[in-house]
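Asks: Turn this into a structure:
(chains A and B)
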Amino acid sequence: MTEINEQLSSLIDNENVESKPLDALIGNKALQATFSRYQLIGDVMRNEKAINIDISEQVMSEIAKQPALVTVTTIKATTVEVVKPENNVISFVKRFGQYAIAASVAGVVVMTSFITSSPSIENRGIEVLNTVPFGGGVSPVSLQANPLQSQKALQDRHERLNALLKDHQLQLQVKK
Amino acid sequence: MNERDLDFQLIQRIQNGEQQAFTLLVRKYQNRVANILTRYVRNSGDIADVTQEVFIKVHKSLPSFRGDSAFYTWLYRITVNTAKNYLTSQSRRPPASDIDVLEAESYDNSDALKEIDSPENILRAEEIKQVIMETIDKLPAELKIAITLREIEGMSYDEIAKIEDCPIGTVRSRIFRARDTIDKQLAPLLEE
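Replies: This next block holds a predicted model:
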């Protein structure tokens, strides 16, 4: 008993490296009481001790009424099933279907952009040559231009320029 | 093994289901907790109840204690929070400032206790103190020096061994013999 008490004494002073006195303490109420008294001696010597209470039994009895502290939580191993495809080659029909859908969507987008982005001729404030064909599409001018219409337009343009030039010269003469 | 190691060992045992290890934690800290509570709880009759509540909360929270801080620091926080809850339940305002965890160790509350404690308890405390101090006075010099250097000066066995110029084993033995002598006088008084 003396030996274990000596170990208890050094345990209180945090000078004991063995777990033997701790094991003895846990199951022995008489030793626990000695443990408390040894601590009380230190408290009184340091003039810290003012009240001496021992609530250990009440606390343990209250705890005993409560559910168990340690609840072993086992984490169930979750099996992740990797589903391997039966055949790694994607069927031709499936892939073709994807291409068809993508092409259709692209076509719709292009058509929509043409229709929505070209302003209507009526809304334009000035008269310009309408280069947008009836269907809404645009084709190269060289393939569609009428040679007779072009010559007539050129002739009109020349006439207008000449008229402007003559007018300008007339005004210069008047100023002189 | 330092105090922190000992506490962690006890906590590990509790967490592993060894409930009796909790008794040791209670025995080790119950008076320190009660001393802290005296700053908050003016009714001495309630101190034991609130101390009990503190330890029940500690027990409930132990599974989440990870040991990032010292056990006593953690216990101190729970103590102060429980005391504040107690004051709120009594419709009283908690003190504006808390005692720091380090100050709590050296907090001199003897005057406050004299005011609040019952005459019987004061008498009993005085009696305990008298028995301990008288027994220490009667101890042989080497035992008295060893226990005084340890308990009052807080020296380690190694430091005492150097001062007394003796092996550490002798220091261990002297401190134990001093405690054992005092304990023989104290135990009958506490059993009454």
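Asks: right, is stretch A:7-18 up against chain B?
Replies: Yes: contact of stretch A:7-18 with chain B (Cβ under 8 Å from any Cβ of the partner chain) involves A:9-11, A:13-17. Quick note: C-beta positions are derived from backbone N, CA and C, even for glycine.
Asks: list the buried ones in that stretch?
Replies: For stretch A:7-18, a neighbour-count test (16 or more other Cβ atoms under 10 Å in any protein chain shown) marks A:7-16 as buried.
Asks: before we move on, what about stretch B:51-68?
Replies: B:51-59, B:62, B:65.
Asks: can you check stretch A:27-35 too?
Replies: Buried, per 16+ other Cβ under 10 Å, within stretch A:27-35: A:28, A:31-35.
Asks: what pLDDT, on average, does it get?
Replies: Taken as a whole, stretch A:27-35 has a mean pLDDT of 88.
Asks: could you dump that stretch to PDB, C-alpha only?
Replies: This file holds the C-alpha atoms of stretch A:27-35, laid out as PDB (Å, rounded to 0.1, in the frame of the first residue of the first chain):
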ATOM      1  CA  GLY A  27     -10.700   0.800  -9.400                       C
ATOM      2  CA  ASN A  28      -9.900   1.800  -5.800                       C
ATOM      3  CA  LYS A  29     -12.100   4.200  -3.800                       C
ATOM      4  CA  ALA A  30      -9.800   4.200  -0.800                       C
ATOM      5  CA  LEU A  31      -6.900   5.300  -3.100                       C
ATOM      6  CA  GLN A  32      -9.200   7.900  -4.700                       C
ATOM      7  CA  ALA A  33      -9.900   9.400  -1.300                       C
ATOM      8  CA  THR A  34      -6.200   9.500  -0.600                       C
ATOM      9  CA  PHE A  35      -5.700  11.200  -3.900                       C
END
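Asks: Need the single longest helix in chain B, by residues.
Replies: Longest helix in chain B, counting residues (DSSP state H): helix B:168-191.
Asks: Of all the residues in that helix, which ones are buried?
Replies: Quick answer for helix B:168-191 (16+ other Cβ under 10 Å): B:170-183, B:186, B:190.
Asks: pLDDT-wise, what's the bottom of those?
Replies: For the buried residues of helix B:168-191, the weakest pLDDT value sits at B:Leu190, with 85.
Asks: packing partners for the helix or strand harbouring B:Asn81?
Replies: Here B:Asn81, judged by DSSP states H and E, is contained in helix B:71-89. Here helix B:71-89 touches helix B:3-15, helix B:20-37, helix B:44-61, helix B:101-106, going by 3 or more Cβ pairs under 8 Å, 6 or more residues apart in numbering or on different chains; DSSP states H and E.
Asks: And it, what's buried?
Replies: Buried residues in helix B:71-89, counted by 16+ other Cβ under 10 Å: B:71-72, B:74-76, B:78-80, B:82-84, B:86-87.
Asks: Kindly report the same for stretch B:13-29.
Replies: Residues of stretch B:13-29 classed as buried: B:13-14, B:19, B:21-29 (neighbour count, 16+ other Cβ under 10 Å).
Asks: Where in chain A is the helix or strand with the lowest mean pLDDT?
Replies: Lowest mean confidence among the helices and strands of chain A (mean pLDDT, DSSP states H and E): helix A:141-144, at a mean of 53.
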